[in-house]
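> When you get a sec, could you give me coordinates for this:
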Amino acid sequence: MNQALKNLLVIDIETVSSVAEFGDLPERIQSLWTHKASFLKNEEALSVSDLYTSKAGIYAEFGKVICIGMGFFHPGENGNCLRVKSIQHDNEAELLAEFAEIIKKFGDDLMLCAHNGKEFDYPYLGRRFLINDLPLPDVLNLSGKKPWEVNLKDTMELWKFGDYKNYTSLDLLASIFDIPSSKVEMTGADVGRVYYQDHDLEKIARYCRLDVAVTAQLYLRLNQQPIIPEERVSFIE
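So this is what the prediction gives:
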């Protein structure tokens, strides 16, 4: 296994609104969300409250992280293997602190990889670490770093080849490269409902782990390497 794969940790985060309902927010935050909502695309003419339910989770100022999936490559008898696990918690501060402890074990050479990570996962995590008054992990602390010192990879950026016009979903790229989809039980649009209405954090965690596996396989294909056979991919619950 080459060193680049050995130091790579593929991640995916699942996020929801900070509280279940708009009415549960403090008045000050309600006012700020109402202002934010006035600028959001709203083709279905949703109310401010319904917009909060459907979209607040994608904004770090109004949402929280409930699950972090992680995948890493390791050598096996018959070639490279992929191991995927997730950590999930209702208490975001505890979740982030656990994640920080895990990535600390990888040392200074750790490289994170996520799909659309530079636009979503990395800034979202960084902002939530600060909001929870937790020390920023070094890999997410970009202050003063030169571009070549930033250890963050993004599979969507690799696919763009410098083209910044369009977002390309993980599921579309998985289909193009013949990688099994993670959208079996649910999709990202279902996360808030499954969390607040069904109270099924483990279902969300399974979905998150599958997204990590797809992203890891996509990373291999974008680097012109073969995907890892199903029998060499393990999921840790």
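
> residues in contact with stretch 194-204?
Stretch 194-204 is contacted by residues Glu14, Val16, Ser17, Ala20, Ile66, Cys67, Gln88, Asp90, Glu185, Met186, Val191, Glu237 when judged by C-beta atoms under 8 Å, 6 or more residues apart in numbering. Heads up, the C-betas are built off the backbone N, CA and C, glycines and all.

> Can you dump the C-alpha atoms of it in PDB for me?
Output of stretch 194-204 as PDB, limited to C-alpha atoms (Å, rounded to 0.1, in the frame of the first residue of the first chain):
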ATOM      1  CA  VAL A 194     -35.300   9.900  10.800                       C
ATOM      2  CA  TYR A 195     -33.600  11.700  13.600                       C
ATOM      3  CA  TYR A 196     -36.300  13.800  15.100                       C
ATOM      4  CA  GLN A 197     -39.400  11.800  14.200                       C
ATOM      5  CA  ASP A 198     -38.200   8.200  14.000                       C
ATOM      6  CA  HIS A 199     -35.500   8.600  16.700                       C
ATOM      7  CA  ASP A 200     -33.400   6.100  14.700                       C
ATOM      8  CA  LEU A 201     -29.800   7.300  15.000                       C
ATOM      9  CA  GLU A 202     -28.400   3.800  14.100                       C
ATOM     10  CA  LYS A 203     -30.200   3.900  10.700                       C
ATOM     11  CA  ILE A 204     -28.500   7.300  10.000                       C
END
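
> for it, which positions count as buried?
Neighbour-count burial for stretch 194-204, counted by 16 or more other C-beta atoms under 10 Å, picks out Val194, Tyr195, Leu201, Lys203, Ile204.

> likewise stretch 12-28?
Asp12, Ile13, Glu14, Thr15, Val16, Ser17, Ser18, Val19, Phe22, Leu25.

> circling back: list just the nearest of the buried residues of stretch 194-204 to Leu110.
Ile204 (25.0 Å; C-beta to C-beta).

> Show me what the lengthiest strand in the chain packs onto, helices and strands only.
For the chain, the strand that runs over the most residues, judged by DSSP state E, is strand 63-76. Secondary-structure packing of strand 63-76 (3 or more C-beta pairs under 8 Å, 6 or more residues apart in numbering; DSSP states H and E): helix 3-6, strand 8-17, strand 79-88, helix 92-104, helix 121-131, helix 201-222.
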